[in-house]
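J.: dropping the sequence and predicted coords here.
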Amino acid sequence: MANFGELILVMGDLHIPKRESIIPEKFKRMLVPNKMQHVICTGNLGSKQQYDELRQLAPNIHVVAGDCDTMDKTSLQMMAFPETKVVCIGDFRIGVIHGHQILPWGDHSALAMMRRKLNVDVLITGHTHKNEVVEHDDGHFHINPGSITGAFSEYSTNQYPPSFILLAVQGAKVICYVYELIDGDVEVSKTEFTRGTS
């Protein structure tokens, strides 16, 4: 069996049950419990039930507060997620925020400032519902998993496909798989990067 290193499911912006009712079935079948060592969620879960389901996927769950989590007056009000989180996996320091704190939203310069503030190699954000993997000139990375449910964003007129990211961390190397549900088919793209010495 191949050694993929530490596997990290990166997801966010579920918005269940307010904007979407479920994670797409084709994605759900891929999310096998205990195949991954970590789940990183950029927030906006929508309910405590979604959090409980995440806890069944991996032994290490890292969740930050989304802008809608903080306004939810139902089951999530008792769950206080942090605004930011930093985790160390392999040789990487990974920072996680929802992304509504970044102005303008999704702006790469503003994201780079937050990455430097958190002193991390990789910054993971959500909020825009659009997945992206960006390598910056200084050898650091920004990852946005998009919305795993494909929930609409009230801040954009664009509708983005449901997506999530799987990271395979092997020491100083990361293989990043982006999964998108397009016209009923799961499409996968792959990016590799290595931690720089900067």
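T.: Everything's here; your move.
J.: low pLDDT regions in the protein?
T.: By pLDDT under 70, the weakly predicted segments of the chain are 1-2, 70-79, 196-198.
J.: what residues of the longest helix belonging to it count as buried?
T.: Longest helix in the chain by number of residues (criterion: DSSP state H): helix 108-118. Judged by neighbour count using 16 or more other C-beta atoms under 10 Å, the buried positions of helix 108-118 are 111-112, 114-115, 118. (Each C-beta comes from the backbone N, C-alpha and C, glycine too.)
J.: TSV please, covering these and showing distance to residue 105.
T.: Output for the buried residues of helix 108-118, formatted as TSV (distance: C-beta to C-beta, whole Å):
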residue	distance to residue 105
111	10
112	14
114	12
115	16
118	18
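J.: closest one to residue 89 out of these, please.
T.: Distance to residue 89, by C-beta to C-beta, is smallest for residue 118 among the buried residues of helix 108-118, at 14.6 Å.
J.: tell me how far residue 80 lies from residue 161.
T.: Distance, residue 80 to residue 161, using C-beta to C-beta, to the nearest Å: 31 Å.
J.: higher neighbour count, those two?
T.: residue 161 (17 against 9; other C-beta atoms under 10 Å).
J.: first-to-last residue distance for stretch 5-18?
T.: Stretch 5-18 has an end-to-end distance of 36 Å (criterion: C-alpha to C-alpha, to the nearest Å).
J.: tell me how many other residues surround residue 60.
T.: For residue 60, using other C-beta under 10 Å, the count is 14.
J.: show me what contacts it?
T.: The neighbours of residue 60, taking C-beta atoms under 8 Å, 6 or more residues apart in numbering as the test, are 37-39, 87.
J.: most neighbours among these, which one is it?
T.: residue 39 (22 neighbours).
J.: ok, what's across the strand from that one?
T.: Applying DSSP bridges to residue 39 yields these beta-bridge partners: residue 9, residue 61.
J.: hmm, it is touching residue 53, no?
T.: No. Using C-beta atoms under 8 Å, residue 39 is not in contact with residue 53, being 9.9 Å away.
J.: show the residue spans covered by the helices in the protein.
T.: Per DSSP H, the chain carries helices over the ranges 25-28, 48-55, 108-118.
J.: and the contacts of residue 60 as JSON lines, adding distance to residue 101?
T.: Shown next, in JSON lines, are the contacts of residue 60 (distance: C-beta to C-beta, whole Å):
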{"residue": "37", "distance to residue 101": "27"}
{"residue": "38", "distance to residue 101": "22"}
{"residue": "39", "distance to residue 101": "21"}
{"residue": "87", "distance to residue 101": "18"}
